[in-house]
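A.B. asks: Build me a model:
(one chain, ligands or ions: 3)
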Amino acid sequence: MTASVTLKTPADIEKMRIAGRLASEVLDYITPHVQPGVTTDELDRLCHDYMVEVQQTIPAPLNYAPKGHRPYPRSICTSINHQVCHGIPGDRILKNGDIVNLDITVIKDGFHGDTSRMFCVGEVSRQARRLCDLTYEALWHGIRCVAPGRHLGDIGHAIQRFAEQAGYSVVREFCGHGIGRAFHEEPQVLHYGRRGAGLELKSGMTFTIEPMINAGKRDIRQLGDGWTIVTADHSLSAQWEHTILVTDVGFEVLTLSAGSPSAAG
Ligand code: MF3
Ligand code: CO
Ligand code: CO
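C.D. replies: Ligands and ions are numbered 1, 2, ... in the order given. Have a look, this model is predicted:
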């Protein structure tokens with residue numbers, strides 16, 4: 001089955017803007033709680049309750065069960081240090097020096113907004129901070145490639161070139177994705193590639209860009225929980241994610257809110 005890329009209507013886009021802003025506002029809300037001593041389950045509970053009770057959004061990860069996966073048991077993903085993505089909240093306590101990605105996906109009025117940020121817990125090493133900062137820059141190098149007539153490969157190429165020049169590696173097994181009424185739609189948005197390759201972008205497409213960048217080698221492993229992805233060499237990994245709309249002239253970042261860091265570079 002090859003589902004095709006859906007082009008969003010103006011009414012769809014208005015709903016995507018709302019879902020995107022709400023997803024980002026969950027990150028704004030949780031930011032002051034990301035401190036040494038908090039458990040990832042507490043962060044999950046706080047986010048869950050904020051989404052359901054304050055925003056009246058649906059946490060898309062909860063019970064999400066794509067083919068080959070058991071249902072995801074929490075409402076957010078919390079990926080710490082050498083965890084690449086899809087870390088499951090639990091009783092682990094965040095400690096000074098950890099870096100953690102919080103990945104939020106909400107559903108509002110039938111549409112998804114998907115975004116993640118890195119958080120430094122207390123004081124972190126210079127290497128950890130550099131990885132987080134440069135991964136954010138890599139995301140923005142990808143975002144700035146988005147315009148009608150450009151190609152998905154332009155995005156991947158820009159991210160890969162920047163990350164590898166910094167001495168890092170790009171995870172290949174996970175990618176950005178079309179998003180809308182479905183959490184994961186066509187197309188796949190690779191974070192590596194060749195300029196001019198792949199699908200041509202058209203106004204009205206919505207997709208995420210969410211590079212996972214490793215300080216060491218790109219190889220990954222999945223843990224026995226069926227979800228958590230870690231670096232094979234246990235090197236640190238970072239990820240940032242935005243949901244993007246292709247406009248008539250370029251791009252619009254849908255997952256912005258008052259607490260979003262400013263655009264990199
Ligand atoms: N939010 C992730 C993404 O960016 C997907 C998480 S799936 C889950 O695509 F089930 F782990 F939540
Ligand atoms: Co995503
Ligand atoms: Co996400």
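A.B. asks: going forward, measure contacts and count neighbours with C-alpha atoms only.
C.D. replies: Will do.
A.B. asks: for the one helix or strand Asp49 maps to, the distance to its chain's centre please.
C.D. replies: Applying DSSP states H and E as the criterion places Asp49 in helix 40-49. Averaged C-alpha coordinates place helix 40-49 at 18 Å from its chain's average position (C-alpha atoms, centre = their mean, to the nearest Å).
A.B. asks: That helix near ligand 1 at all?
C.D. replies: No. Against ligand 1, helix 40-49 shows no contacts by C-alpha under 6 Å from any ligand atom, the least distance being 11.6 Å.
A.B. asks: give me the beta-bridge partners of Ile244?
C.D. replies: Phe207, Val253 (DSSP bridges).
A.B. asks: Excluding covalently adjacent residues, which one is nearest to the closest residue to ligand 3 within the stretch 151-265 of the chain?
C.D. replies: The stretch 151-265 of the chain approaches ligand 3 most closely through Glu241 (6.3 Å), counting by C-alpha to the ion. Spatial nearest neighbour of Glu241, excluding adjacent residues (C-alpha to C-alpha, 6 or more residues apart in numbering): Glu210 at 4.1 Å.
A.B. asks: so what's that neighbour up against?
C.D. replies: Taking C-alpha atoms under 8 Å, 6 or more residues apart in numbering as the criterion, Glu210 is in contact with Leu139, Cys175, Gly176, His191, Gln239, Trp240, Glu241, His242.
A.B. asks: and what of Ser169?
C.D. replies: Applying C-alpha under 8 Å, 6+ apart to Ser169 gives the contacts Gln160, Ala163, Ile213, Asn214, Ala215, Gly216, Lys217, Arg218.
A.B. asks: Kindly state the beta-bridge partners for it.
C.D. replies: The partner residues for Ser169, given DSSP bridges, come to Asn214.
A.B. asks: who in this protein is up against ligand 3?
C.D. replies: Within the chain, the positions adjacent to ligand 3 are Asp103, Asp114 by C-alpha under 5 Å from the ion.
A.B. asks: Around ligand 1, pick out the residues from the stretch 1-150 of the chain.
C.D. replies: Counting by C-alpha under 6 Å from any ligand atom, the stretch 1-150 of the chain sits next to ligand 1 at Pro61, Tyr64, Tyr72, Cys77, His86, Asp103, Ile104, Thr105, Asp114.
A.B. asks: What ranges in the stretch 151-265 of the chain fall below the confidence cut-off?
C.D. replies: Scanning the stretch 151-265 of the chain for pLDDT under 70 picks out nothing.
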